[in-house]
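K.L.:
I need the structure of the sequence given here:
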Amino acid sequence: MNAQQLLTRLQDTSPDGPLDRLAALVVEHELSQPLTTLLPPSLLARAVTQALEGAVASPTAERELAKALQHLQEQLTQDKRTVREAVPPELAKAGVELASRRYSPDRALVLALLDRPPVRTLVGALLLNVLIDFSRKVSAPVTENRIAKGFSGLARLAAEQARNSGALGGIAGALSDEIERQVEKRARDFVDSALSGIFQQVADALSNPTRHAEHAELRVALLDGVLGLPLSRLGRELGQVDVPGGTAVARKGLAQWLASGRALPELEAFITRAMERDGQRPVREVLGAFGLLDTFQAMGRESVRGRLGPIVGSTPFARWMEEVMREP
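P.N.:
Modelled structure (predicted):
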C-alpha cells in the first residue's frame, strides 16, 4: 500500500471506517487513564488561576458583566410570567417533592445561623419596643423612652416596624408582672436573656425530628412563594443591585488573593482533595458508575473524528505521509 492509498483510506469518514476506528482508539486510550492523569490537579489549578488573573486584569470584563446583568434585568422586567410558569413543570414538581422529604437540620447549625449579632440587634429592638410600648400604659415615666436612646439606625427602624405591627404584642401579656415592677431598670437585661431563650426555642422547633411534617410544610410554603413570584418583580429587584460596586469588591478580593501567591497552591490542594477518592480510578470506571460512559464514548468518538477529518484531509498531512512512507 502506497502513501496515497493509505491517505485515501484515512480520509474515509464513514461510520466504522478507518478514521472512525482511529477516533475510537484515541477515546478509549483517554478513558483508560486515571482521572488525575487525564485532568492533573496542577494543570487544572493553573488553568483556573490564569483565567481568574485574566478576568481581574481585563479592562472590559466588569463592563461586560454589567451589560449582561442589565440585559437580564430588562428581559425579566418585561416577562409577564411567574417563576412557576417559566420553570418546566416536571422540575417544579420535583422541587416540591424534594422540599416535602423528611429532614430536620442540626440544632447547633440552626442556632449558629440565627444567633448572630445583627439578628440579635434587630429582634432585640423589636422586643424591647414592645415592652416600652406596654410600659407606657402602666407607667408614665416610661413614656420618655430613655432606654431606646442609644439604639442604632437598624434598631430604630425595627422599632418603627414594631409599632405598626401587633405580631409581637402577645409577648407583653406574658411579661406584664415583670414590666410593671421595673421596666426601665431591667428591660435591657431582660431582653438580652429573653433573646437567648427565643433563639433556643426557635432552634428546638426547627431541629426537632418529631416535627418533620411541619418543617416540610414550611419548606413547601417557601418554595411555593418563590414559584409564585412574577419574573418582572425579580427583574426590578435585580435592578436595585449595585452591580458595579459589587463587582469591584469581588475583583479587589480576587486580585488580593492572586497577588498573595497562595491562590495556585490552595486551588491545587482543593482539587487534589476533591479527587482523593476517585483520582486513581480509570476515567471509564468513574463515568460508568454514573451511567455516563456510553454518552462520553459516543460524543468523544464523534468529536475526535471531526477534529481528525480536516487534519488527514490537509495538504501538510499528505506531505508528511509521503515523507514517512519514503523513510527506510
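
K.L.:
In contact with A3, which residues?
P.N.:
Contact partners of A3, counting by C-beta atoms under 8 Å, 6 or more residues apart in numbering, are A318, M321, E322, V324, M325, R326. (C-beta placed from N, C-alpha, C; glycine too.)

K.L.:
tally of neighbours for G279?
P.N.:
Other residues lying near G279 total 18 when counted by other C-beta atoms under 10 Å.

K.L.:
Assign a three-state SS to it, would you?
P.N.:
Here G279 is coil, with the state taken from DSSP: H, G, I helix; E, B strand; the rest coil.

K.L.:
how close does it get to A51?
P.N.:
Distance, G279 to A51, using C-beta to C-beta, to the nearest Å: 22 Å.

K.L.:
Show me the shaky parts of this protein.
P.N.:
Within the chain, the stretches with pLDDT under 70 are 1, 135-186, 328.

K.L.:
Find the residue at the geometric middle of it.
P.N.:
Centrality entry for the chain: nearest residue to the mean C-alpha point is A250, 15.3 Å, by C-alpha atoms, centre = their mean.

K.L.:
Now do the domain split for this structure, please.
P.N.:
Here the domain parsing of the chain from automatic domain parsing is 3-39+275-326, 107-207.

K.L.:
buried sites along stretch 64-75?
P.N.:
Buried residues in stretch 64-75, counted by 16 or more other C-beta atoms under 10 Å: L65, L69, Q73.

K.L.:
Okay, and the second one sits in which element?
P.N.:
Spelled out, that is L69. If you go by DSSP states H and E, L69 is part of helix 61-78.

K.L.:
which residues sit against that helix?
P.N.:
Against helix 61-78 from outside (C-beta under 8 Å, 6+ apart): 55, 231-232, 234-236, 238-239, 241, 243-244, 247-248, 251.

K.L.:
and that helix, how far from the chain's centre?
P.N.:
From the chain centre to the centre of helix 61-78 is a distance of 19 Å (C-alpha atoms, centre = their mean, to the nearest Å).

K.L.:
moving C-terminal of it, what's the next helix or strand?
P.N.:
Scanning forward in sequence from helix 61-78 by DSSP H and E, the next helix or strand is helix 83-86.

K.L.:
buried sites along that next one?
P.N.:
In helix 83-86, counting by 16+ other C-beta under 10 Å, buried: V83.

K.L.:
C-terminal to that helix, what's the next element?
P.N.:
Remark: after helix 83-86, the chain's next helix or strand is helix 89-99, criterion DSSP H and E.

K.L.:
Which strands and helices lie in contact with that next one?
P.N.:
On a contact count with 3 or more C-beta pairs under 8 Å, 6 or more residues apart in numbering; DSSP states H and E, helix 89-99 meets helix 212-227.

K.L.:
sorry, back to before: quick one: the residue nearest to the centre of the chain and F296, what's the gap?
P.N.:
In terms of C-beta to C-beta, A250 sits 34 Å off from F296.

K.L.:
For D189, grab the count of nearby residues.
P.N.:
D189: 9 neighbours (other C-beta under 10 Å).

K.L.:
could the domains of the chain be laid out in CSV, adding distance to T77?
P.N.:
Listed next are the domains of the chain as CSV, based on distance: least, C-beta to C-beta, whole Å:
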stretch, distance to T77
domain 3-39+275-326, 38
domain 107-207, 28
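
K.L.:
Tell me which residues are up against whichever strand or helix holds T37.
P.N.:
For T37, the element it lies in under DSSP H and E is helix 35-38. Under the contact criterion C-beta under 8 Å, 6+ apart, helix 35-38 has outside partners E30, M275, D278, G279, Q280, R281, P282, V283, V286.

K.L.:
From G95, how far off is A318?
P.N.:
Between A318 and G95 the distance, using C-beta to C-beta, works out to 57 Å.

K.L.:
didn't L31 look like it was pressed against Q297?
P.N.:
Yes. Between L31 and Q297 there is a contact at 7.1 Å, judged by C-beta atoms under 8 Å.

K.L.:
Compare these two (neighbour count), which wins?
P.N.:
Shown here are L31 and Q297; by other C-beta under 10 Å, L31 has more neighbours (19 against 16).

K.L.:
which residues touch that one?
P.N.:
By C-beta under 8 Å, 6+ apart, the residues touching L31 are P282, V283, R284, L287, L293, F296, Q297, G300.

K.L.:
How much space separates the nearest residue to R326 once chain neighbours are set aside from L22?
P.N.:
Spatially, and ignoring its direct neighbours in sequence, R326 is nearest to A3 (8.0 Å; C-beta to C-beta, 6 or more residues apart in numbering). Separation of A3 from L22 (C-beta to C-beta): 17 Å.

K.L.:
coming back round to it: from the contacts of A3, list just the buried residues.
P.N.:
Among those, the ones that count as buried by 16+ other C-beta under 10 Å are A318, M321.

K.L.:
With secondary structure and distance to L267 as extra columns, can I get the contacts of A3 in TSV?
P.N.:
Compiled in TSV, those are given as follows (DSSP: H, G, I helix; E, B strand; the rest coil; distance: C-beta to C-beta, whole Å):
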residue	secondary structure	distance to L267
A318	helix	43
M321	helix	42
E322	helix	46
V324	helix	42
M325	helix	47
R326	helix	48
